[in-house]
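*Asks:* Okay, sequence plus prediction incoming.
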Amino acid sequence: MKKLLLLILFIIALTGCSQKEVSDKKFNVVALNGPTGIGFVNMMEEEKHNFTLVSDPNQVVTGLTNGDFDIASIPSNLASVLYNKNQDVSVVAINTLGVLYVVENGNTINSIEDLKGKTILSTGKGATPEYSLNYILEKANIKDDVTVEFKTEHAELAGLLAQDKASVAVLPQPFVTVAMEKNKDLRIALNLDEEWFKLTNDNMITGVLVVKNDIIENNREELDAFLQDYKKSIELANSDIEKTATLSEKYDILPKDVATKAIPYCNIVYIDDKELNTLLSSYYQVLFEQDPKSIGGKLPDEKFYYQK
């Protein structure tokens with residue numbers, strides 16, 4: 001009887017250790033150094049997981065491919081491209097809606113039609129900014145009358161605007177605010193999310209969160225706990241802007257004063273489950289009709305969307 005009791009106690013002890021080991025699992029998470037990074041800062045402060053912030057989406061792709069990252073925040077169209085290239089990932093949440101703005105050094109642009117004949121500098125070639133802008137210009141019947149020149153990084157383009165070396169640009173927040181802080185003559189001429197909504201009756205979807213499928217298969221409970229923490233972090237980012245701005249400076253995303261002004265315009269959200277599927281599949285349909293290459297040649301199937 002004593003031996004049986006000791007065996008039971010031993011099994012309980014092992015189980016307890018196993019549960020603690022699982023609950024303490026740290027995910028390797030990567031986000032872009034912008035709105036998605038800001039959405040994570042309240043989680044980063046808790047130090048439950050390993051976070052990396054990068055400025056180039058290609059670094060995210062390389063890290064996912066090499067197995068360096070378990071969870072990644074990436075442009076929405078890139079998530080579909082990766083899935084269609086047989087990258088073993090699923091999309092678990094929408095984390096950023098429209099953040100693109102037409103910024104002008106002057107006062108000549110008050111509608112999409114006013115872009116006719118203009119040269120626009122932009123970032124995001126091959127990603128959401130390019131495809132979204134092309135769609136809007138096509139619907140306005142001025143795509144062939146607008147020249148778009150692409151720069152590699154948001155910070156580079158923000159710098160050109162700040163130095164009066166560009167007069168019209170498409171730029172995401174928070175880099176719009178960065179440029180406007182340095183050049184007081186700049187103004188937001190158009191909100192491209194509003195222009196998109198006029199055409200589709202839906203919001204533009206800029207960023208999503210993807211997870212490696214082996215994490216879903218082997219660490220589903222831990223993933224769901226991570227997502228709950230992430231949702232809280234985003235809610236806090238929107239409700240406590242001062243604290244979030246302070247952390248944004250701490251983690252070298254933005255200075256506190258710039259972050260304070262930019263966060264309300266960053267459209268940071270948390271949308272998952274059925275609403276994720278509905279909104280994102282609708283967005284992909286629009287991109288696909290405009291250019292199938294924008295989402296990797298075909299619409300992702302239902303397996304792409306994580307269901308709780």
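*Replies:* Noted; the coordinates are in hand. Numbering: from 1, shown residues only.
*Asks:* mind checking pLDDT for the most centrally placed residue in the chain?
*Replies:* Nearest to the mean C-alpha position of the chain, counting by C-alpha atoms, centre = their mean, stands Gly207 at 2.8 Å. At Gly207, the pLDDT value in this model is 92.
*Asks:* just Thr119 next, same as before
*Replies:* At Thr119 the predicted local distance difference test score is 90.
*Asks:* That one: what's it in contact with?
*Replies:* In this structure, Thr119 makes contact with Val146, Thr147, Val148, Glu149, Val168, judged by C-beta atoms under 8 Å, 6 or more residues apart in numbering. Where you see a C-beta, it was placed from the backbone N, CA and C, and this is true even at glycine.
*Asks:* Mind listing the residues bridging to it?
*Replies:* Thr147 (DSSP bridges).
*Asks:* just the strands in the stretch 151-300 of the chain please.
*Replies:* Using DSSP state E, counting those that start in this stretch, the strands assigned to the stretch 151-300 of the chain run over residues 168-172, 186-191, 205-212, 268-271.
*Asks:* Go through the contacts of Thr119 and name the one nearest Tyr306.
*Replies:* Val148 (34.1 Å; C-beta to C-beta).
*Asks:* Quick check: closest non-adjacent residue to that closest one.
*Replies:* Computed as C-beta to C-beta, 6 or more residues apart in numbering, the closest residue to Val148 that is not its neighbour in sequence is Ile120, at 5.1 Å.
*Asks:* Thr206 - how many residues pack around it?
*Replies:* Other residues within reach of Thr206 by the criterion other C-beta atoms under 10 Å amount to 29.
*Asks:* oh sorry, the question was meant for Val286
*Replies:* Val286 is flanked by 19 other residues according to other C-beta under 10 Å.
*Asks:* Verify the contact between Thr152 and Gly124 for me.
*Replies:* No - between Thr152 and Gly124 no contact is recorded; they are 9.9 Å apart, counting by C-beta atoms under 8 Å.
*Asks:* between the two, which one's more packed in?
*Replies:* Summary of the neighbour comparison: Thr152 and Gly124, criterion other C-beta under 10 Å, with Gly124 having more neighbours (24 against 12).
*Asks:* Make sure that one is indeed in a helix.
*Replies:* No - the assignment for Gly124, made by DSSP: H, G, I helix; E, B strand; the rest coil, is coil rather than a helix.
*Asks:* measure it to Thr147 for me?
*Replies:* 16 Å (C-beta to C-beta, to the nearest Å).
*Asks:* before we move on, back to that, in CSV: the strands of the stretch 151-300 of the chain, plus distance to Glu302.
*Replies:* Listed next are the strands of the stretch 151-300 of the chain as CSV, based on distance: least, C-beta to C-beta, whole Å:
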stretch, distance to Glu302
strand 168-172, 30
strand 186-191, 32
strand 205-212, 16
strand 268-271, 17
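*Asks:* Out of those, the one nearest Ile94 is which?
*Replies:* With C-beta to C-beta, the closest approach to Ile94 among the strands of the stretch 151-300 of the chain belongs to strand 268-271: 4.1 Å.
*Asks:* Dump the C-alpha coordinates for that closest one into PDB.
*Replies:* Listed next in PDB are the C-alpha coordinates belonging to strand 268-271 (Å, rounded to 0.1, in the frame of the first residue of the first chain):
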ATOM      1  CA  ILE A 268      -3.900  48.800 -33.800                       C
ATOM      2  CA  VAL A 269      -6.500  46.200 -33.300                       C
ATOM      3  CA  TYR A 270      -7.000  42.600 -32.200                       C
ATOM      4  CA  ILE A 271      -9.400  40.500 -34.400                       C
END
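*Asks:* strand partners of that strand, parallel vs antiparallel please.
*Replies:* Looking at strand 268-271 with DSSP bridges, its partner strands are strand 89-97 (antiparallel).
*Asks:* of all the strands of the stretch 151-300 of the chain, which lies closest to Tyr305?
*Replies:* Checking the strands of the stretch 151-300 of the chain against Tyr305 by C-beta to C-beta gives strand 205-212 as the closest, at 10.4 Å.
*Asks:* okay, now the domains of this structure?
*Replies:* 25-97+205-304, 100-200 (automatic domain parsing).
*Asks:* Where among these is average confidence lowest?
*Replies:* domain 100-200 (a mean of 88).
*Asks:* start to end distance for it?
*Replies:* From its first residue to its last, domain 100-200 covers 16 Å (C-alpha to C-alpha, to the nearest Å).
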